[in-house]
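J.: what's the 3D shape of this:
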Amino acid sequence: MNTVTVRASRQYDILIGRGLLPTLGAEAKKLGKAQKICVVSESSVYPLYGVAAEESLKNAGFSVVSYVFPAGEESKNGQVFLDLLNFLVENRLTRSDMIVALGGGVVGDLAGFAAASYLRGIRFIQVPTTLLAAVDSSVGGKTAIDLPAGKNLAGSFCQPSLVLCDTDTLNSLPLDIFRDGCAEVIKYGVLYDPKLFAHLEEKGLAFDREAVITRCVELKRDVVMEDEFDTGARMKLNLGHTVGHGVEAKSRFAISHGKAVAIGMAIVSRASACVDTPRIVALLEKFGLPTRTDYSADDLFTYTLSDKKRSGGTVNLIIPRAIGDCAIVPTPVESLKSFIQAGL
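T.: Okay, the predicted model is just below:
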């Protein structure tokens, strides 16, 4: 097992390794005070791991209730969010109690935002069961729900009290969902780490899971500790996301987050004439990820206007100059459409 410690507004550990889910109760107990825990999960994850999580928590002495919502990005909305808050009220969770987010990025975002909001804030534990959540969304405290105008437009910064990543849960992922997470893994290589990028080029989908997840989490930890509230260096983690969120929104989330980010990375690499564009595109394709879209620059531009990274008349684009070398480039909104067009 590997342990990565985040020292942000709340200090917490990220535990990464095989066979960790049965230790959830014991690890939660170390956090103290809580008597009741609400496990929040979704309909595709709960049947696989819900009982194991509940039993571990009960064996540690917690009273446990569970809230399970329909799987999919479509559930990350205001109505499900309010339903969850009302569920917490009905089950009389107090400010000293906790939430466990058991699932992928949708579960973590929704449960984390509920934890940030309920009683003005209670603690929560992230238990990521997808690669994407393990390397990205479970770490760093970003929580949110989607609005009709776009993705993650209502949310809060709320650091978890613990992240418990049992890499065995990745074995149940369909290959297509595993590939989604690989887009975020590749992103870390492009942003910061040529050695990680080269390891992925060499190993493909057979990369060392525990080592690669740990490396990605270390990289994100460093950025979060430098810029917890996403006003500077942390913006780089949005590589591929501005255009990618446009692809997601235009498809009404028929195109998954990972695939959309892959398309976004390829578009900005081509548009910026990055010297390593051929390697970036080749690696994305090696992992079975798309690098082009049929949507027009007009289509994508319309959705990027609602992007939360927009500031007044500019959007902060993350531009790769080479593998391991990316820059934050404030770009006038009026120039964005032509930039997207250049990368299609």
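
J.: can you tell me which residue is nearest the centre of this protein?
T.: What sits nearest the mean C-alpha location of the chain, by C-alpha atoms, centre = their mean, is residue 137, with 2.3 Å.

J.: contacting residues for that one?
T.: For residue 137, the contacting residues are 104-105, 108-109, 128, by C-beta atoms under 8 Å, 6 or more residues apart in numbering. Every residue, glycine included, has its C-beta placed from N, CA and C.

J.: How confident was the prediction at the nearest residue to residue 92 once chain neighbours are set aside?
T.: Of all residues beyond its chain neighbours, the one nearest residue 92 is residue 36 (7.5 Å), with distances taken as C-beta to C-beta, 6 or more residues apart in numbering. The score at residue 36 is 98. That number is its pLDDT.

J.: what's the burial count for residue 36?
T.: 17 (other C-beta atoms under 10 Å).

J.: surely it meets residue 64?
T.: Yes - with contact defined as C-beta atoms under 8 Å, residue 36 reaches residue 64; the gap is 7.4 Å.

J.: quick one: buried residues of the helix or strand containing residue 318?
T.: For residue 318, the element it lies in under DSSP states H and E is strand 314-322. Buried residues in strand 314-322, defined by neighbour count with 16 or more other C-beta atoms under 10 Å: 314-320.

J.: Alpha carbons of the strand or helix carrying residue 298, as CSV, please.
T.: Per DSSP H and E, residue 298 falls inside helix 297-304. Output of helix 297-304 as CSV, limited to C-alpha atoms (Å, rounded to 0.1, in the frame of the first residue of the first chain):
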residue,chain,number,x,y,z
ALA,A,297,-16.0,24.9,-34.0
ASP,A,298,-19.3,26.8,-33.8
ASP,A,299,-20.9,24.0,-31.8
LEU,A,300,-18.0,23.8,-29.3
PHE,A,301,-17.5,27.6,-29.1
THR,A,302,-21.1,28.0,-27.9
TYR,A,303,-20.7,25.6,-25.0
THR,A,304,-17.3,27.0,-24.0
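
J.: So which residues of this protein form strands?
T.: For the chain, the strands defined by DSSP state E cover 2-7, 11-17, 36-42, 63-69, 98-103, 123-128, 142-147, 150-157, 162-166, 310-311, 314-322, 325-332.

J.: Return the most buried member of those.
T.: Highest mean neighbour count among those (mean count of other C-beta atoms under 10 Å): strand 98-103, with a mean of 29.

J.: Show me what residue 64 bridges to in the sheet.
T.: residue 37 (DSSP bridges).

J.: what separates it from residue 102, distance-wise?
T.: 11 Å (C-beta to C-beta, to the nearest Å).

J.: if I look at these two, which residues touch both of them?
T.: With C-beta under 8 Å, 6+ apart as the test, residue 64 and residue 102 both reach residue 39.

J.: Chain neighbours aside, what residue packs nearest to residue 156?
T.: Closest to residue 156 by C-beta to C-beta, 6+ apart is residue 116, at 4.0 Å.

J.: Need the residues that contact the strand holding residue 318.
T.: 190-191, 235-236, 238-242, 265, 268-269, 272, 274-277, 280, 304, 307, 309, 326-333, 336, 339.

J.: Relative to the whole chain's centre, how far out is it?
T.: 20 Å (C-alpha atoms, centre = their mean, to the nearest Å).

J.: what is the orientation angle of that strand with helix 297-304?
T.: 120 degrees (axes from the mean of the first three to the mean of the last three C-alpha atoms, to 10 degrees).

J.: Can you give me the domain assignment for the protein?
T.: Listed domain ranges for the chain are 2-172, 179-343 (source: automatic domain parsing).

J.: Could you report the distance from the residue nearest to residue 156 to residue 62?
T.: According to C-beta to C-beta, residue 116 and residue 62 sit 21 Å apart.

J.: What of residue 264?
T.: 41 Å.

J.: Same drill for those two, tell me which one is more crowded.
T.: residue 264 (29 against 21).

J.: Buried residues in stretch 44-53, which are they?
T.: Buried, per 16+ other C-beta under 10 Å, within stretch 44-53: 44-46, 49-50, 53.

J.: Which ones among those lie within helices?
T.: Residues of the buried residues of stretch 44-53 located in helices (DSSP state H): 46, 49-50, 53.

J.: Pull the most distant pair out of these.
T.: Distance extremes for those: the farthest pair is 46 and 53 at 8.8 Å, using C-beta to C-beta.

J.: any common contacting residues for those two?
T.: residue 102.

J.: By mean pLDDT, flag the weakest helix or strand of this protein.
T.: The helix or strand of the chain with the poorest confidence is strand 310-311; it has a mean of 70 (mean pLDDT, DSSP states H and E).

J.: Do a quick rundown of the helices in the stretch 201-344 of the chain.
T.: Using DSSP state H, counting those that start in this stretch, the helices of the stretch 201-344 of the chain run over 209-226, 241-250, 257-271, 277-286, 297-304, 333-343.

J.: if we can go back for a sec, of the contacts of strand 314-322, which qualify as buried by neighbour count?
T.: 190-191, 235-236, 238-242, 265, 268-269, 272, 274, 276-277, 280, 304, 307, 309, 326, 328, 331, 336, 339.

J.: residue ranges with poor pLDDT in the chain?
T.: 306-310 (pLDDT under 70).

J.: give me that answer again for 90
T.: 148-151, 249, 252-253, 302-315, 333-334 (pLDDT under 90).
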